[in-house]
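>>> Give me a 3D structure for the following:
(one chain, ligands or ions: 1)
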Amino acid sequence: MLKKLALGTLVLASSLFAANEVNVYSHRHYDTDKQLFKMFEEKTGIKVNVVKAKASALIKRIESEGKNSPADVLITVDAGRLYQATEKDLLQSIDSDYLTKNIPAQLRDKDNKWFALTKRSRVAVYKLGTGIEKELKTYEDLADPKFKGKIMVRSSNNIYNQSLMAAMIAHHGEEKALEWAKGVVANMAKKPKGNDRYQVKAVANGIGEIAIANTYYIGKMVDNKEVAQAEAVKKVKILFPKFENGGTHINVSGAGVAKYAPNKENAIKFVEFLASPDAQELFAKGNFEYPVLKGVKASKLVSSWGTFEDDTISINTLGENNAKAVKIFDQAGWR
Ligand code: FE2
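Next comes the predicted model:
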């Protein structure tokens, strides 16, 4: 009897201990997240343990850990990877009134296996004084020979580019998408290298005239201690291209709860927190992303770049077309 009681107490104690943490596998690589996680810890007393890596590596890890995976939450910086995690059956439906009520249907999985937390737009950043803004209106334009030697864009193994291509396929089909990719490759100022900020800096410094980048990187460059970045960004401006038959390409950073999450309740609380007004404001102000929660505005700086209409294709399509996108990049010689 005594022994049983002791064991029961032990089980209770360990479950209490387990209830006080959440294990987050995250591909987000931004400073604001540390602040957000701390805010959550202070508010709830739940400790946030973070494993940071690329989404593809995190997905592989959850897959190989199987039922024993300690992962509670998977956060990615792209819809394509969230889709992949869902396809591999690594996430579970989240039953949360708050999330379903506040995150629009087009910004979450159909079975509520993941929810977008922020939106970002993939745009053209052009050198001031070049007149590019008069000539470049659409993503399709980027393949026009008039931009030969003017485009700076990162490698095709980057998920942001893959999702842009996935959207191009959704709008025009694979054949036209391949033609487009070949056109862009022919217009490149240099072989793809470096990240989004690298492309923007290059354009600011006279290598090419158009950089393809995610919006928030411009905000991070303006708000940067590194003089070279802050100075470079003064020489460029954002332009929101559209698809000929759609709007401006947007992608999302989002989160899902792992299928075998040992701390499921905490995981849901954590995702709800990231979609709360306080957290959404920090995403907007601290990382220059577009909040997904109604009523939370983009930062002053981000708003100053102007408005645009979100593209019409579903966010899920970015994931569905990912494999085709990778293949087309390869065929087009976009390294
Ligand atoms: Fe990023």
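>>> Going by neighbour count, which residues of stretch 88-97 are buried?
Within stretch 88-97, the residues scored as buried using 16 or more other CB atoms under 10 Å are L90, L91, Q92, I94, S96. No exception for glycine: its C-beta is placed from N, CA and C like everyone else's.
>>> In space, not sequence, find me the middle residue of the chain.
Within the chain, the residue whose C-alpha comes closest to the C-alpha centroid is V77; the distance, by CA atoms, centre = their mean, is 2.7 Å.
>>> Quickly note the distance from the residue nearest to I313 when sequence neighbours are not counted to V125.
Spatial nearest neighbour of I313, excluding adjacent residues (CB to CB, 6 or more residues apart in numbering): A170 at 4.5 Å. Distance from A170 to V125, counting by CB to CB, to the nearest Å: 24 Å.
>>> So for these two, which residue has more residues nearby?
Taking other CB atoms under 10 Å, A170 and V125 do not tie; V125 has more neighbours (26 against 21).
>>> quick one: secondary structure of the more buried one?
The local conformation at V125, judged by DSSP: H, G, I helix; E, B strand; the rest coil, is strand.
>>> Tell me where the stretch 201-335 of the chain has helices.
For the stretch 201-335 of the chain, the helices defined by DSSP state H, counting those that start in this stretch occupy 215-222, 227-233, 264-274, 277-287, 300-304, 315-320, 322-332.
>>> Then the stretch 51-200 of the chain?
Remark: helices assigned in the stretch 51-200 of the chain by DSSP H, counting those that start in this stretch are 55-65, 79-87, 97-102, 132-135, 159-172, 174-187, 196-204.
>>> closest to P277 out of those?
helix 97-102 (9.6 Å; CB to CB).
>>> Mind listing residues that contact the closest one?
Residues from elsewhere that reach helix 97-102 (CB atoms under 8 Å, 6 or more residues apart in numbering): R108, N112, F115, V271, E272, A275, L293, K294.
>>> mind redoing it with 10 Å?
Contacts of helix 97-102 from elsewhere in the structure, counted by CB atoms under 10 Å, 6 or more residues apart in numbering, are 94, 96, 108, 112, 115, 255, 268-269, 271-277, 280, 292-295.
>>> Show me which positions of that helix end up buried.
Of all the residues in helix 97-102, those buried under the rule 16+ other CB under 10 Å are L99, N102.
>>> CA atoms only: put that helix into PDB for me.
Once side chains and other backbone atoms are set aside, the C-alpha atoms of helix 97-102 remain, and they are given as PDB (Å, rounded to 0.1, in the frame of the first residue of the first chain):
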ATOM      1  CA  ASP A  97     -11.700  28.200 -30.300                       C
ATOM      2  CA  TYR A  98      -9.300  31.100 -30.100                       C
ATOM      3  CA  LEU A  99      -7.200  30.100 -33.100                       C
ATOM      4  CA  THR A 100     -10.100  29.000 -35.300                       C
ATOM      5  CA  LYS A 101     -12.000  32.200 -34.500                       C
ATOM      6  CA  ASN A 102      -9.000  34.500 -35.100                       C
END
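>>> Could I get the average pLDDT for that helix?
Per-residue pLDDT values over helix 97-102 give a mean of 97.
>>> swap in stretch 317-335?
With pLDDT averaged residue by residue, stretch 317-335 scores 96.
>>> Equivalent analysis for stretch 227-241, please.
Mean per-residue pLDDT for stretch 227-241: 94.
>>> buried set for that stretch?
For stretch 227-241, a neighbour-count test (16+ other CB under 10 Å) marks Q229, A232, V233, K235, V236, K237, I238, L239, F240, P241 as buried.
>>> Show the contacting residues for the first one.
Taking CB under 10 Å, 6+ apart as the criterion, Q229 is in contact with R197, V200, K201, A204, Y217, K220, M221, V222, D223.
>>> May I see the buried residues of stretch 155-175?
By neighbour count, with 16+ other CB under 10 Å as the criterion, the buried positions of stretch 155-175 are 156, 158-172.
>>> which of the residues you listed lies closest to S56?
The nearest one, if we look at these relative to S56 and count by CB to CB, is I159, at 8.2 Å.
>>> The closest one contacts Y83, doesn't it?
No: with the criterion set as CB atoms under 10 Å, I159 and Y83 do not qualify as a contacting pair; they are 11.1 Å apart.
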